[in-house]
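**Student:** sequence? don't have it. structure:
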């Protein structure tokens, strides 16, 4: 099954962008995943190709119209499409590695990239959009957030990473931040590789890495540490 991503945007020319390079780009060339782009403005119904209007009740900015976006969603994702419909939104549920894994195991995603002050709430409800956030900050639009989501998902698709174990040991996969890494040279500006890592004792190395992962998580992400110890 090929992972199929459909992007709905006012700026589809931003894609594939960084998704066309490195792991994601090579996977796209091989056909490990597919990317379809949909211009929301193509579904405007007036000669000015208008897609937004002033907010009901007054206020600053403009709002993406429900009828125009609904037409775009219906064209990109017919009724029998089983892919989740996502809306990149700062008020959405924070994206985490568990959700990324779920998406990577599925058939793909239909991703709406918002603009302006937001989109009409009625289309969110009528088309079952799941709001997803990549952090507590505001971007100019959902395109960069969609790229972040797709990059996180695509690297987990079968065959994309050369060594599947490297993904299994990364931050968040075990509930902890990742342990520190070292490589040659043995000494760098007076700093040496911890002796245990060159000892050849793999049991001690594994224990050291686990202890370091726990220490970093306690120090840097007490929220993650609390969830880890509670589980």
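**Tutor:** Alright, I've got the coordinates. This is a predicted model, so every value here is computed, not measured. Numbers count the residues shown, from 1 in each chain.

**Student:** which secondary structure elements does whichever strand or helix holds residue 24 contact?
**Tutor:** Using DSSP states H and E, residue 24 falls within helix 22-30. Secondary-structure packing of helix 22-30 (3 or more Cβ pairs under 8 Å, 6 or more residues apart in numbering; DSSP states H and E): strand 33-39, helix 143-154. C-beta coordinates here come from the backbone N, C-alpha and C atoms, glycine included.

**Student:** State the next helix or strand along the chain beyond the shortest one.
**Tutor:** Sequence-wise, the next helix or strand beyond strand 33-39 is strand 52-53, with elements assigned using DSSP H and E.

**Student:** any idea of the mean pLDDT in that next one?
**Tutor:** Per-residue pLDDT over strand 52-53 has a mean of 96.

**Student:** Name every strand pairing with the following helix or strand past it and say which way it goes.
**Tutor:** Next helix or strand after strand 52-53 toward the C-terminus (DSSP H and E): strand 63-64. Strand pairing for strand 63-64, determined by DSSP bridges: strand 52-53 (antiparallel), strand 118-119 (parallel).

**Student:** If we go by neighbour counts, what in the next helix-or-strand element following strand 63-64 is buried?
**Tutor:** The element immediately downstream of strand 63-64 (helix or strand, assigned by DSSP H and E) is helix 66-76. Residues 66, 68, 69, 70, 71, 72, 73, 76 are the ones in helix 66-76 that count as buried (16 or more other Cβ atoms under 10 Å).

**Student:** Could you tell me the angle between helix 66-76 and strand 33-39?
**Tutor:** Counting by axes from the mean of the first three to the mean of the last three Cα atoms, to 10 degrees, helix 66-76 lies at 150 degrees to strand 33-39.
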